[in-house]
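Asker: Provided below for reference: sequence and predicted model.
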Amino acid sequence: MAERNIVEKVIALEGVELLSSLTPDQLSRIALIAKEVRYPPGQMILQPKQPLDALYVILDGAVEISRGGPVLHVARQNEVLGSWALFDDSPLPVVARTVEDTVLLKIARDDFYDLLSDNMELAASIFSTLVRRFRKLIEQ
Amino acid sequence: MRKWRSLQRRVFDVRKGEYRRTLFVALYFLFIMFANNILKPVSAGLFLNRFSEKDLPYLYLLIAGVGGVLAYLYTKVVVNTSLRTAVTAATLGSAACLVLFWTMIGTRSGTLLYVFSVFVSLVGIVFISQGWLIAANIFDSREAKRLYGLLGLGAILGAALGGSFTAFTARQVGTKNLLPVAALFLLLAYLSLHLTKSAHKVQASSAIVPQSRQDDESAVNFNFRDVLSAIARYRHLLVIVGIITITFSVEILVEYQFLAMARATYKGDRLTAFLGKFTGVYLSLTTLVLQSFFTTLVVRRFGVGRTLLIAPVTVGLGAASVLAAPGLLTAALTRIGEASNRYSINRTAIELLYLPLPAELKNRTKAFVDVFVDRLGRGVGAFLLLFLTAIGLTAPRYLSLVLLCLALGWALLALWARKEYLRTVEKRVQARRLDLESARVTVQDTETIRVLEEAARGENPRQITYALSLLSEAPGYDVGPLLTELAQSPLTAVRAKVYETAAKVSFPGLLKPALAEIRSGACQHDVAGDAVTYALAVAPNPEELAVEFVNHPSCATAEAAVRAIAARKELVESLLTHEWLTAAAQSPDEDRRALAAFSVGVRGDEGTGVLHDLLRDPSPRVGAAAIRAAGALQNRAYLSPLVGHLASPRLRSAAIEGLVAYGEKFAPTLGVLLRDPSTPIAVRRQIPRVVAGVQAQIAVDTLQACLGVDDLTVRTAVLKALYRLREEAPWLKYDRQLITHEIRREAVMYFHLYAALERFRHGRRDGRATALLARTLDDRLKQTLDRLFRLLGLRYPPSQIRAAYVAVTNRRQEEFAAALDFLENVLEQDVKEFVLPMIDGSPHLVDIGREEFGVDVPDLETAIRHHLRSGDGWLMACAIATAAELKLKALWGDISRAPDHAPPEVAEVARDAAAALA
């Protein structure tokens, strides 16, 4: 199956909360660095000791999340894995494993940083989303 | 037809959600003015048939005096209870009084006629003032600008109908018997007000019934002195008071002149009939025409300030006509000019003058100013009349001369009012901008010095260094002992500051610890620079030390030494030899290579080509140092690699700095590269930042010449750079004609986008690609507005335009309204007519686009084809995906050809779409 085109990628990225304040134009720039990756069932995406280097958006399929024991959640289409990976490479204390044939959109942190350094408006929009998140946390 | 539609749109611009409010408030004014125009001719007829015009000044004074007291009491009622209570009390009380007068007034009741005349004058003022106060609470200022004209229209219609009704029925039913009819219309007005409230619950209720405790408290705290002090404190209010005073002083003189002429021409019933006809037909019709067709247009075209000038100019012209040809005709024309203006254009302008004031201040003072100052103005006019009578100068010619003088003073006040209005609006627009100025302590007294010494001996490095810098500047203070003491500090920031200060005050006592620190091998980068600079500045043998430091194993020390000897050419040439530079440039250590680059910048590149290699160095640190060195040398040979580095995120900042250092001589060359479509887009986007760094006229000229570029991201970068120049170098000149042309160009883009978006807005198509295209178009609209404001900033004060833009984009009600007020008064007509509707979100934007720029709403297929051919990559991709989603097979040809010329990512979308449509 052919890789999704830029419009389809943007539509998928619109569901990512971290990128919610970006305009379609800005999302299209992220779509340009986003690579489509395919995994068979049982493939490990995140592991507790593995540093995070990319954010994943599930385009198709399902990924189960656990802490090594029982499954905590089964993530499906448009859900995001490792959204903080774009800002922090500390490993997450979870295991993420595909449960069926899964297609993910992968945004590598290094590419993302290069993109940000080239697009101040994009960086500003992401910062504003983060600030809103922090403010919400503080208010809670 | 087009002009008629445009006129209709401008005069009757009532929008969704405003119809009921506008209707009922306009009805309120209609009923009030109907009643008022029954009462006025009745009271004037009764008075003038019983007394002569010589008694008029006394009546005017009585109205001013007693009316003033009653007005004060009325204002107290309004602020101490609520507007609702005041309105109810005033309506029911007035209706009851009218019934009472109806039963009591007889043919010989002289005193009662004075009382009745005062009552009638007060009724008109109180009810009209109430109406405007309610309107000011129900409509915000941008609604008011469009709708006050219509409210005024209701008032004029009421006046015309009331006057005609009186003229027609007075003889049939008897003058006195019209009083219950007036009472009935007062009650109808009250009913309209209630319907207004229910039509617009939130705002109207807060206007009529104070909802919050805070409102109640502020109302209870009101007193006469409070209002007067507010007037004295706010120049804006003071100028309103001045204008209202002079308006009514003039009214008294004009009315007197007219009544005297009328009484000299007509007697008895003919006089009453003439007055009724004059007020009800001539005056009302003139006012109606002015209000219907000119008030809104005049206010929009000239702004509040200049509109205020119309009334004094009209009075001046009228007075001049009476002076030239005294008679009833010229006096009547002067009266019509004065009164029709006062009720229409001038009234609307004065109401708008209140709007930029804070709501609380407006509510607290408006009723008082309207009612009391009205009386004050009439009182002043009456006194002036009495004075003129006493010295025998009441002949029309003399009155006209007095009126001419008053008109001149009035015009000056109007000009002042414009200034104050703009100042108030600007303040409100910029209210949320902080202007922080750094403060610096001046150390003079021993107490302060003791505090600073304590801080310098503390543990916080920031406090220590700050205290040290202040103490080193203190007149007569010996900072040496403290420097010696702090040189032992374990904190590197403190030691660095100590050496920096010691070098500045030429204190030689620290040479030993400085040399020890440099030679220890453990000298940290933060301290090395300052220690080396200090040692070379105070040492008796700086040349020997320079040799040692330049060849020091620590690059920080060597760099500091090169920096310190930069001004000493002979040392530089003897130490930084070709061999030394080559060795450093070829070092495997990137710090050493960066040192080589820095040293080339200090020494110059004669006889060495190392900088070319260093500019290509893979290390960003070395590259940045080489770029800065190239900038310092300003050698044209390095221009091309420097421009190329603009595309590199890691070297961009240094490349901009380096290119700016070249100065203005290469700005035109950069302009050529900027316009050249073959220059990489990442470079083109950065060139404007470089050019803006050169704060010279050539930078503005170069950037202006690049405004025509096709790529919108480059155009945005050019505009940002021009805007920055405008803020940072305000002395530079801009081509006004070109900027206006570009504003229109941006507006055309806006209307094209708006028209295209209109198709999707009403198309109810909710496919994902279609929705994405619609969102993209909406986003492009915002970007266009951003560029348009930047262009406006090149023509008008940039900081104020920026503040207005922030207010417009944030869309917070009050700030937005204030920003619109500001723009309406600042922008000139050639841009205002299309810019304001764009910002205001006028529902007639499509019509304006069609009439002003010939932009029609395209059909869906044409709209998508237009974007498909736009050359804008992302827009093309969205358009192609939308065409596939909507199965627009007619576009298959365009789509299948797209991969030949579009960027790869768009070509991919095109191939998918073509396959789907095939």
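Answerer: Noted; the coordinates are in hand.
Asker: Spit out the contact partners of the residue of chain B found nearest chain A.
Answerer: Using C-beta to the nearest C-beta, B:P649 is the residue of chain B that sits closest to chain A, at 3.7 Å. Every residue, glycine included, has its C-beta placed from N, CA and C. By C-beta atoms under 8 Å, 6 or more residues apart in numbering or on different chains, the contact set of B:P649 is A:114, A:117-118.
Asker: ok so it is a strand residue?
Answerer: No: B:P649: not assigned to a strand; according to DSSP: H, G, I helix; E, B strand; the rest coil it is coil.
Asker: Look up how far A:M120 lies from it.
Answerer: B:P649 sits 11 Å away from A:M120, going by C-beta to C-beta, to the nearest Å.
Asker: from the contacts of B:P649, which is closest to chain B?
Answerer: After measuring those against chain B - C-beta to the nearest C-beta - the closest member comes out as A:S117, at 3.7 Å.
Asker: secondary structure element for the closest one?
Answerer: Using DSSP states H and E, A:S117 falls within helix A:109-118.
Asker: what comes into contact with that helix?
Answerer: Here helix A:109-118 has contacts from A:29-30, A:33, A:52-55, A:85-86, A:89, A:122-123, A:126, B:649-650, B:652, B:682, using C-beta under 8 Å, 6+ apart.
Asker: Got the confidence number for B:M1?
Answerer: Note on B:M1: pLDDT of 54.
Asker: count of neighbours near B:P358?
Answerer: With neighbours defined by other C-beta atoms under 10 Å in any protein chain shown, the count for B:P358 comes to 12.
Asker: now B:A647: how far from B:E559?
Answerer: 28 Å.
Asker: Oh, that last question was meant for B:R225, not what I typed.
Answerer: In terms of C-beta to C-beta, B:R225 sits 70 Å off from B:E559.
Asker: and these two? which has more neighbours close in?
Answerer: Higher neighbour count among B:R225 and B:E559: B:E559, with 24 against 8, using other C-beta under 10 Å.
Asker: Report how many residues lie close to the closest residue to that one other than its chain neighbours.
Answerer: In this structure, B:E559 finds its nearest non-sequential neighbour in B:L595, 5.4 Å apart by C-beta to C-beta, 6 or more residues apart in numbering or on different chains. For B:L595, the neighbour count with other C-beta under 10 Å is 23.
Asker: next one: B:K665
Answerer: B:K665, neighbours per other C-beta under 10 Å, totals 12.
Asker: got it, and the one 5 residues further on?
Answerer: Residues within reach of B:L670, counting by other C-beta under 10 Å, total 25.
Asker: Now do the helices in chain A.
Answerer: A:6-13, A:24-33, A:109-118, A:120-139 (DSSP state H).
Asker: In the third one, which residues are buried?
Answerer: Buried residues in helix A:109-118, defined by neighbour count with 16 or more other C-beta atoms under 10 Å in any protein chain shown: A:109, A:111-112, A:115-116, A:118.
Asker: Tell me the gap between that helix and the middle of its chain.
Answerer: 15 Å (C-alpha atoms, centre = their mean, to the nearest Å).
Asker: Just the C-alphas of it, formatted as PDB.
Answerer: Below are the C-alpha coordinates for helix A:109-118, written out as PDB (Å, rounded to 0.1, in the frame of the first residue of the first chain):
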ATOM      1  CA  ARG A 109      12.900  14.700  17.300                       C
ATOM      2  CA  ASP A 110      16.000  15.900  15.400                       C
ATOM      3  CA  ASP A 111      14.000  16.600  12.300                       C
ATOM      4  CA  PHE A 112      11.400  18.400  14.400                       C
ATOM      5  CA  TYR A 113      14.000  20.600  16.000                       C
ATOM      6  CA  ASP A 114      15.400  21.500  12.600                       C
ATOM      7  CA  LEU A 115      12.000  22.400  11.500                       C
ATOM      8  CA  LEU A 116      11.400  24.600  14.500                       C
ATOM      9  CA  SER A 117      14.600  26.400  14.100                       C
ATOM     10  CA  ASP A 118      13.500  27.300  10.600                       C
END
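Asker: outside of the host helix or strand of B:M876, which residues touch it?
Answerer: Per DSSP H and E, B:M876 falls inside helix B:873-885. With contacts defined as C-beta under 8 Å, 6+ apart, helix B:873-885 is touched by A:5-7, A:24-25, A:28, B:767-770, B:772-773, B:776-777, B:780, B:864-865, B:867-870, B:891, B:895, B:898, B:902-903, B:905-906, B:909-910, B:912-913, B:916-917.
Asker: do stretch A:67-84 as well
Answerer: So stretch A:67-84 is contacted by A:12, A:15-18, A:45-46, A:48, A:52, A:54-66, A:92-96, A:99, A:104 (C-beta under 8 Å, 6+ apart).
Asker: Close to chain B: what parts of chain A are there?
Answerer: Applying C-beta under 8 Å from any C-beta of the partner chain, we find that chain A lies next to chain B at A:2, A:5-7, A:10-11, A:14, A:23-25, A:28, A:31-32, A:114, A:117-118.
Asker: Just to be sure, which of the contacts of helix B:873-885 are found in helices?
Answerer: A:6-7, A:24-25, A:28, B:768-770, B:772-773, B:776-777, B:780, B:864-865, B:867-868, B:895, B:905-906, B:909-910, B:912-913, B:916-917.
Asker: Going through those, which ones are buried?
Answerer: Judged by 16+ other C-beta under 10 Å, buried ones among the ones in helices among the contacts of helix B:873-885: A:6-7, A:24-25, A:28, B:769-770, B:772-773, B:776-777, B:780, B:864-865, B:867-868, B:895, B:905-906, B:909-910, B:912-913, B:917.
Asker: check contacts around the residue nearest to B:E559.
Answerer: Contacts of B:L595 by C-beta under 8 Å, 6+ apart are B:555, B:558-559, B:562, B:584, B:625.
Asker: hmm, 7 Å instead?
Answerer: B:555, B:558-559, B:584 (C-beta atoms under 7 Å, 6 or more residues apart in numbering or on different chains).
Asker: Widest-spaced pair of those residues?
Answerer: The largest separation in these, counting by C-beta to C-beta, is between B:E559 and B:A584 at 10.7 Å.
Asker: Where does the prediction get shaky in chain A?
Answerer: Within chain A, the stretches with pLDDT under 70 are A:1, A:140.
Asker: With the stretch 351-500 of chain B instead?
Answerer: Checking the stretch 351-500 of chain B against pLDDT under 70 turns up B:359-360, B:363, B:367, B:370-371, B:425-448.
Asker: rerun at 50
Answerer: Where the stretch 351-500 of chain B drops to pLDDT under 50, the residues are B:431-442.
Asker: before we move on, what about chain B?
Answerer: Using pLDDT under 50, the flagged stretches of chain B are B:199-222, B:431-442.
Asker: If anything else comes up later, I'll come back, but that's it for now.
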